[in-house]
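Novice: what follows is a predicted protein model with its sequence.
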Amino acid sequence: MNSSQQFDAVVIGSGIGGLTCAALLAKHGLKTLVLEQHCQPGGFVTSWKRGPFRFDGIQAIGALRGDALLARIFSHVGVTKKVEFAEAEPFYRSFYPDVVVAWPCNLARFQQELVEKFPVERKNISRLFALIKQVQNELPCSYHSPGCLTRLAYPFRFPALFKLRNVSWMALLDRFFENERLKHALASVWPLLGVSAERASALYAMFGIITYLEGGTWFPKGGYQHLADSFAECLQDYGGILKLNSPVRRILIAGGRASGVELETGEQVSARHVISNADAKRTFLNLLPEGSLSSPFVRRVRNTEVSASGVEVRLGVRMALSEQMKCGVGIFCPDRDSVRTQFELAARNEIQTDPAKMTLWFGVPSLLDSSAAPPGCHIVVLGYMPAPYRYRDTWLKENRKQYEALKQSVADAMIRAGERFFPGLSSAIIAKDIATPLTYEHYTSASEGCWYDAACTPDQVGFGRQRIRTPIPSLYLTGAKTFPGHGIVGAASAGLFTADVILGGLLTKGRILLREELV
């Protein structure tokens, strides 16, 4: 590739949102280039080796059953021909001292599970699930980039979506239930939302429940890097180009329009369309020339609340594990106040260090894909959230030994906490990998290492999310920062919607679902 080469589209970043958008544009005739700063594609959707163990960046994928949205996208891009998926059942397990709730990959069975655990709340559970089904029915008929007139019609055409637009998940649960045990069990999906249930969007929580329960919960055999590499292969099958180790220094502007990008090497690439899958703050505050955007828009970007980050400890262990630990994701809560305490500590740049009081989420991917670990061994992933970017300010000090010691102390506390549910865990460890917010920032350039870009609070979902079209003509956004949000389903959907805008509605006609005749 040389600087004189012209492209129809250049995509900054090869996360799943960027790869989906790029593959769709290339498939439909646009000469497309993807530029990735790292040595492999995928962003958070990645894998790496520690001895004989394969560690993965994320835990589970939803919406691959039948004609669910992600299944349609993967089919149209061609990924389903390259990747085999193992189904996880159940999607989630919530462990509290006085109750364990399984989340089966079926809304009706999950409703029954809750009724069996909380029979007094039968009628209220039925009411909540009726509302979830209404959201499920309205969502595919709605629009990813509605104009003003379409938005005015939302209260009449999509009453559930409109009614819930400013409601938090916990506030909604408070409307339906009095039983605190039930509310906390349903609120326990907060790690997948990036903020506490008190502040997470009810609509986004429902979107996640529908995604994983009705669309199934899945794990790519061979690991997540295999999935990302397969997306890259599909891009290249359609004539697109992926260039690794190619960080972008800035977006070029000519005549008031985005005209291409300049790499850190100084090389310039021209394109009719520039699509950023990079972090929203990095895109608008670092990659654009100063003065390109209005002051009110820049203030809005600066004031955007990013999602939480966390500390993850991935362990390769030689031990037998109970089938009860087989699920997409699970969470251990020592009591119903521990989550609130962890968010209060994070606000003070602190982390819970008492293992007996830690709430952790967990995954055991080797129970879903045995190729991740050698015979007789497993992989156990423990996650602590929220982990502040400025933990004791020591994360950021230029003292590598101090940082490593603090990182190890947090991991040790998490492992001791994990012993409550994985007896003998500490003595079974063969390989270990620790990731902090600084780790995620380094490998993905996400602001403060945030996991999900803009936090999914009620004012930052739906119409409150970044638009696909930016104030700069020919510059577009895709990925978690835009509608619908984060996760593989959210990012891939955003890639579809951005491609749809650029292709003039060819893929979805502005709606949520990929058109059936294209699948």
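Specialist: Looks like it came in fine.
Novice: that's a helix at Gln236, yeah?
Specialist: Yes - per DSSP: H, G, I helix; E, B strand; the rest coil, Gln236 lies within a helix segment.
Novice: if I follow the layout properly, it ends up in contact with Leu242?
Specialist: Yes - using C-beta atoms under 8 Å, Gln236 is in contact with Leu242, at 6.6 Å. Bear in mind the C-beta positions are built from the backbone N, C-alpha and C, glycine included.
Novice: tally of neighbours for Glu178?
Specialist: Glu178 has 10 neighbours, counted by other C-beta atoms under 10 Å.
Novice: pLDDT value on it, please?
Specialist: Listed pLDDT for Glu178 reads 93.
Novice: Gln236 and Leu242: which is more packed in?
Specialist: Ranked by neighbour count (other C-beta under 10 Å), Gln236 and Leu242 place Leu242 first, with 23 against 14.
Novice: show me the beta-bridge partners of that one.
Specialist: Val34 (DSSP bridges).
Novice: so who does it touch?
Specialist: 14, 22, 33-34, 36, 41, 232, 235-236 (C-beta atoms under 8 Å, 6 or more residues apart in numbering).
Novice: check which helices and strands the longest strand seen in the chain is in contact with.
Specialist: The residue-count maximum for a strand in the chain (DSSP state E) belongs to strand 268-276. For strand 268-276, the packing partners by 3 or more C-beta pairs under 8 Å, 6 or more residues apart in numbering; DSSP states H and E come out as strand 6-12, helix 16-27, strand 32-35, strand 248-254, strand 257-263, strand 475-477, helix 487-502.
Novice: closest one to Cys148 among these?
Specialist: In terms of C-beta to C-beta, the element of the helices and strands packed on strand 268-276 nearest to Cys148 is helix 487-502, at 16.4 Å.
Novice: picking up where we left off before, how big is the angle separating the longest strand of the chain from strand 6-12?
Specialist: In terms of direction (axes from the mean of the first three to the mean of the last three C-alpha atoms, to 10 degrees), strand 268-276 departs from strand 6-12 by 50 degrees.
Novice: what packs against the helix or strand just after strand 268-276?
Specialist: Of the helices and strands lying after strand 268-276 in sequence (DSSP states H and E), the nearest is helix 280-285. Judged by 3+ C-beta pairs under 8 Å, 6+ apart, the packing partners of helix 280-285 are helix 295-302.
Novice: from the chain's centroid, how far away is the helix it packs on?
Specialist: 24 Å (C-alpha atoms, centre = their mean, to the nearest Å).
Novice: just give me the neighbour total for Glu350.
Specialist: Neighbour count for Glu350, taken as other C-beta under 10 Å: 14.
Novice: identify the residues contacting it.
Specialist: So Glu350 contacts 388, 391-392 (C-beta under 8 Å, 6+ apart).
Novice: kindly recompute the last result at 10 Å.
Specialist: If you count contacts by C-beta atoms under 10 Å, 6 or more residues apart in numbering, Glu350 has them with 342, 344, 387-388, 391-392.
Novice: next helix or strand past the longest helix along the chain?
Specialist: In terms of residue count, the longest helix belonging to the chain (DSSP state H) is helix 400-418. The first helix or strand that comes after helix 400-418 along the chain, using DSSP H and E, is strand 429-435.
Novice: what's that following strand in contact with?
Specialist: With C-beta under 10 Å, 6+ apart, strand 429-435 has contacts from 48-53, 55, 57, 309-319, 373-374, 377, 379-381, 383, 387, 404, 407-408, 410-412, 414-415, 439, 442-443, 449.
Novice: among those, which lie within helices?
Specialist: Residues of these located in helices (DSSP H): 404, 407-408, 410-412, 414-415, 439, 442-443.
Novice: from the residues you listed, keep the buried residues only.
Specialist: Among these, those scoring as buried are 407, 410-411, 414-415, 439, 443 (criterion: 16 or more other C-beta atoms under 10 Å).
Novice: show me the two of those residues that sit farthest apart.
Specialist: For those, the farthest-apart pair by C-beta to C-beta is Ile415 and Tyr443; their separation is 22.9 Å.
Novice: could you list the buried residues of stretch 38-45?
Specialist: Neighbour-count burial for stretch 38-45, with 16+ other C-beta under 10 Å as criterion, is recorded at 38, 40-45.
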